[in-house]
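Peer 1: Coordinates for the following, if possible.
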Amino acid sequence: MDWLDPLDAAMMTAEALSRPLNIGAVLILSPPKGAGPHHVDELHRAAVSGRDPVDPRLRRYPHRGAQTVGGWVWREADTVDLSQHCRRMRLTSGGGRNDLWRAIGRLHAEPLDRSRPMWMSYLIDGLAEGRFAFYVKIHHTVMDGVAGFQMISDALSPDPKRRSMPHFYAAQHREQEVRTARHTLELPNPLPMLRSVAGTAVSAVALAGRIVTGEVSDLVASLTGDTTVPLLAAPHTRFNGRLGHERTVAADTWPRTRIRALQDKAGVTGNDAVTAVVAGALRRWLLDHEELPTQSLVAICPITVRSRGHATEERHNNMFGAWLCPLGTHLPDPLERLDLIHRSMSEGKHRVASRGPGASLLLLAAAIGPTVLLPMLPFSPKLRTGYNLPISHVPGPQAEMYWNGAHVEEIYPVSAVYDGQALNVTTCSYADRIGFGYVAGRDVVPDIDTLIPLTEQSLTELESALGLLT
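Peer 2: Purely as a prediction, here's the structure:
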């Protein structure tokens, strides 16, 4: 039998006590010139009737029963009924962006059927000016966010004239022309981070040594500086409570030139600037709800240790670690927040590179575990937590992309949320713009759409402080 690895098995068991562990992505597209009123219907019919072999990862599903003695194993479907996995929807309440994100939030919260391959796709039309959306969700045990987002990106083309393109679910559909247009994708979900530890290339003795020295150096740094966060030192917020049954999603896109101007003027990285924008938006939201802690919020952020020229075949190796970054939400000055984030992430990159990704992830296990496990208890303490939310920056395609002639205007990963991690922020660069995506439990952030204008307010605040506004 093909047994699930221990972490995937634990996730399947925990899901019965918690919420569906779905990950996904949303593409917003405009139809090609000359497309008729039934263009989306035609795309749906082509997807359902597709004859391409289905990727093996999208044919399998987890199962347990008497024959497995209660353990989880993988089964593979002999045939995949695409009509059960490729759905068609239309927005009926005006076609606004908020209508779309409400629909995505509802779909993202629905559990996937365990009796068949655990993935779904939705073509959703009814947006303004003929635009439509393509939403895909996959269970976290089937594929992690990196592989899932890569699969969707690989099904696109920079050629607007291409038609009859292989579907995203097709096996071996990747095109060389697309591969050369992207960087490695890293999503900050703590679950695959912990899985990566198992594949680390260092020996157990060397790994143990790095952990011990890392713990000592982190303790010293946390006592002498403001850029290293001690374990379980993040303030408890509503983001660290129970998720609830419903989801909320909000997203929008900003010109990349505005972020680049920030990083150039402040002498920071683009990721630092984007993180500071998110920090400012969260600070304002918590202030408006009279819930801003006196201590800084803490984000868990992935850090890659690959060089930019890494080989393609090494793409999925364990080459990233993680860092707990203070967001400076206790600081009213936006430039002080940006400086703190920049200094902390610079230190994090140095520490992850020096101790190795496996050791850096294991050092964070004591912060990740209580954050996601304590909310499952009937009376969970609300004193301290390991981190408040994950923030990631996903490098998407650098060129404008198309799907059967339809122009991809915006791309947003829809990341996983669960008890203890009820808010997730992911940004995605695409061509000359950057999309900001917020996902949360509806009980936790019922007004998530307000984070979009607050993101603009935070960005403008930084631009003003740096003298970029005229």
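Peer 1: which residues pair with the nearest residue to Ala234 once chain neighbours are set aside across the strands?
Peer 2: Nearest residue to Ala234, sequence neighbours excluded (CB to CB, 6 or more residues apart in numbering): Val298, at 3.8 Å. For the C-beta atoms, the positions are set from N, CA and C on the backbone; glycine is no exception. Beta bridges link Val298 to Pro326 when assigned by DSSP bridges.
Peer 1: what about Val298, neighbour count?
Peer 2: Look at Val298: counted by other CB atoms under 10 Å, it has 24 neighbours.
Peer 1: Quick one: low-confidence residue ranges for the stretch 201-350 of the chain.
Peer 2: Confidence mapping of the stretch 201-350 of the chain against pLDDT under 70 gives the ranges 201-226, 305-320.
Peer 1: can you map out the strands along it?
Peer 2: For the stretch 201-350 of the chain, applying DSSP state E, counting those that start in this stretch gives strands covering 234-235, 247-255, 298-304, 320-326.
Peer 1: Tell me the strands beside the shortest one, with direction?
Peer 2: So the one you mean is strand 234-235. Using DSSP bridges, the strands paired with strand 234-235 are strand 384-385 (antiparallel).
Peer 1: I'd like the distance from the strand it pairs with to the chain centre, please.
Peer 2: Remark: strand 384-385 is offset 22 Å from the chain centroid, using CA atoms, centre = their mean, to the nearest Å.
Peer 1: Please apply the same query to stretch 234-243.
Peer 2: Stretch 234-243 has its average C-alpha position 18 Å from the chain's average C-alpha position, going by CA atoms, centre = their mean.
Peer 1: Could you do stretch 155-173 as well?
Peer 2: In terms of CA atoms, centre = their mean, the centre of stretch 155-173 is found 23 Å from the chain centre.
Peer 1: Just the CA trace of that stretch, in PDB.
Peer 2: Extracted in PDB, the C-alpha atoms of stretch 155-173 (Å, rounded to 0.1, in the frame of the first residue of the first chain):
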ATOM      1  CA  ALA A 155      -0.600  25.900 -18.300                       C
ATOM      2  CA  LEU A 156      -0.300  29.500 -19.500                       C
ATOM      3  CA  SER A 157       1.500  30.900 -22.500                       C
ATOM      4  CA  PRO A 158       3.000  34.300 -23.400                       C
ATOM      5  CA  ASP A 159       1.600  33.800 -27.000                       C
ATOM      6  CA  PRO A 160      -1.800  35.500 -27.300                       C
ATOM      7  CA  LYS A 161      -2.400  33.500 -30.500                       C
ATOM      8  CA  ARG A 162      -2.200  30.000 -29.000                       C
ATOM      9  CA  ARG A 163      -5.400  28.100 -28.900                       C
ATOM     10  CA  SER A 164      -6.400  24.500 -28.000                       C
ATOM     11  CA  MET A 165      -3.900  24.600 -25.100                       C
ATOM     12  CA  PRO A 166      -3.600  21.600 -22.800                       C
ATOM     13  CA  HIS A 167      -5.700  22.000 -19.600                       C
ATOM     14  CA  PHE A 168      -4.000  22.700 -16.300                       C
ATOM     15  CA  TYR A 169      -4.900  19.100 -15.100                       C
ATOM     16  CA  ALA A 170      -3.200  17.500 -18.100                       C
ATOM     17  CA  ALA A 171      -0.100  15.400 -17.500                       C
ATOM     18  CA  GLN A 172       3.200  16.600 -18.900                       C
ATOM     19  CA  HIS A 173       1.800  19.900 -20.300                       C
END
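Peer 1: residues near the nearest residue to Val352 once chain neighbours are set aside, how many?
Peer 2: Closest residue in space to Val352, ignoring its immediate chain neighbours: Gly321 at 3.7 Å, by CB to CB, 6+ apart. Neighbours of Gly321 under the rule other CB under 10 Å: 28.
Peer 1: Leu340 versus Gly321, what's the distance?
Peer 2: According to CB to CB, to the nearest Å, Gly321 and Leu340 sit 20 Å apart.
Peer 1: Also Ala261?
Peer 2: The gap separating Ala261 from Leu340 is 20 Å, by CB to CB.
Peer 1: same check, this time on Trp101
Peer 2: To Leu340, Trp101 is 31 Å away according to CB to CB.
Peer 1: Ala273 too?
Peer 2: 13 Å.
Peer 1: picking up where we left off before, and the residue nearest to Val352, how far is that from Thr304?
Peer 2: Going from Gly321 to Thr304 by CB to CB gives 8 Å.
Peer 1: same deal with Ser429?
Peer 2: As for Ser429, its distance to Thr304 is 14 Å (criterion: CB to CB).
Peer 1: want to throw the strands of the stretch 201-350 of the chain into TSV with distance to Ile411?
Peer 2: What follows is these, written out as TSV (distance: least, CB to CB, whole Å):
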stretch	distance to Ile411
strand 234-235	30
strand 247-255	9
strand 298-304	18
strand 320-326	21
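Peer 1: right, and the ones you listed - which one's nearest Met89?
Peer 2: Judged by CB to CB, the one of the strands of the stretch 201-350 of the chain that comes nearest to Met89 is strand 247-255, at 14.9 Å.
Peer 1: May I have the strands that pair with the closest one, each with its orientation?
Peer 2: Strand 247-255 is paired, per DSSP bridges, with strand 433-441 (antiparallel).
Peer 1: helices and strands around the helix or strand that the strand it pairs with is followed by, which ones?
Peer 2: Downstream of strand 433-441, the first helix or strand assigned by DSSP states H and E is helix 451-465. If contacts are counted by 3 or more CB pairs under 8 Å, 6 or more residues apart in numbering; DSSP states H and E, helix 451-465 sits against strand 247-255, helix 256-266, helix 270-288, helix 334-355, strand 433-441.
Peer 1: Ok, which of those comes nearest Arg116?
Peer 2: strand 247-255 (22.3 Å).
Peer 1: What lies in contact with the closest one?
Peer 2: With CB atoms under 8 Å, 6 or more residues apart in numbering as the test, strand 247-255 has contacts from 26, 97, 101-102, 104-106, 108-109, 410, 412, 414, 417, 430, 432-442, 445-446, 448-449, 451-452, 455-456, 459.
Peer 1: Out of the helices and strands packed on helix 451-465, the one nearest Ile391 is which?
Peer 2: helix 270-288 (5.8 Å).
Peer 1: which parts of the closest one are buried?
Peer 2: When burial is assessed from 16 or more other CB atoms under 10 Å, helix 270-288 yields the following buried residues: 270-286.
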